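Structure, please.
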Amino acid sequence: MEENKARTYILEYLREHPQASDTLEGITRWWLVSQQVNYSVMVVMEVLEQLKAEGLIVGREIGGKLVYLAKDTESSGIETSPH
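Model prediction:
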């Protein structure tokens, strides 16, 4: 249940900010807190891995840190409905 809500919040954030990218910690701390929710890093990590497996986001190493962003930032096609 927590995963579905976190997934929805992350996808909504990316839909509203298609050029956004951040680390696991940044997404947990800033993206989700901006939605006035608080999830553990483990829950967010699971959701990010699911979204990567579905091809909705990618993880890129930038400056030695793994950063997540929408797969196609030009036309993300991200839907917020949970799977």
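
Which parts of the protein are strands?
21-22, 57-62, 65-70 (DSSP state E).

Now render the ones you listed as TSV, adding mean neighbour count.
Every residue, glycine included, has its C-beta placed from N, CA and C. As requested, those are exported to TSV (neighbours: other Cβ atoms under 10 Å):
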stretch	mean neighbour count
strand 21-22	18
strand 57-62	14
strand 65-70	17
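
Can I get those in JSON lines including mean pLDDT?
Below are those laid out as JSON lines (pLDDT from 0 to 100):
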{"stretch": "strand 21-22", "mean pLDDT": "96"}
{"stretch": "strand 57-62", "mean pLDDT": "95"}
{"stretch": "strand 65-70", "mean pLDDT": "96"}
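
quick one: which of the ones you listed is nearest R15?
strand 65-70 (8.7 Å; Cβ to Cβ).

sorry, back to before: switch the strands of the chain over to JSON lines; also include distance to Q50.
Output for the strands of the chain, formatted as JSON lines (distance: least, Cβ to Cβ, whole Å):
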{"stretch": "strand 21-22", "distance to Q50": "17"}
{"stretch": "strand 57-62", "distance to Q50": "10"}
{"stretch": "strand 65-70", "distance to Q50": "12"}
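
wait, which of these is closest to E3?
E3 lies closest, by Cβ to Cβ, to one member of the strands of the chain: strand 57-62, at 14.7 Å.

Parallel or antiparallel, list what pairs with the closest one.
Neighbouring strands of strand 57-62 in its sheet, by DSSP bridges, are strand 65-70 (antiparallel).

how about the CA coordinates for the partner strand, as PDB?
What follows is strand 65-70 as a C-alpha-only set of coordinates in PDB (Å, rounded to 0.1, in the frame of the first residue of the first chain):
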ATOM      1  CA  LYS A  65      26.000   9.300  -7.400                       C
ATOM      2  CA  LEU A  66      23.000   7.400  -8.900                       C
ATOM      3  CA  VAL A  67      20.500   9.900 -10.100                       C
ATOM      4  CA  TYR A  68      16.900   9.000 -11.300                       C
ATOM      5  CA  LEU A  69      15.000  10.800 -14.000                       C
ATOM      6  CA  ALA A  70      12.100  10.200 -16.400                       C
END
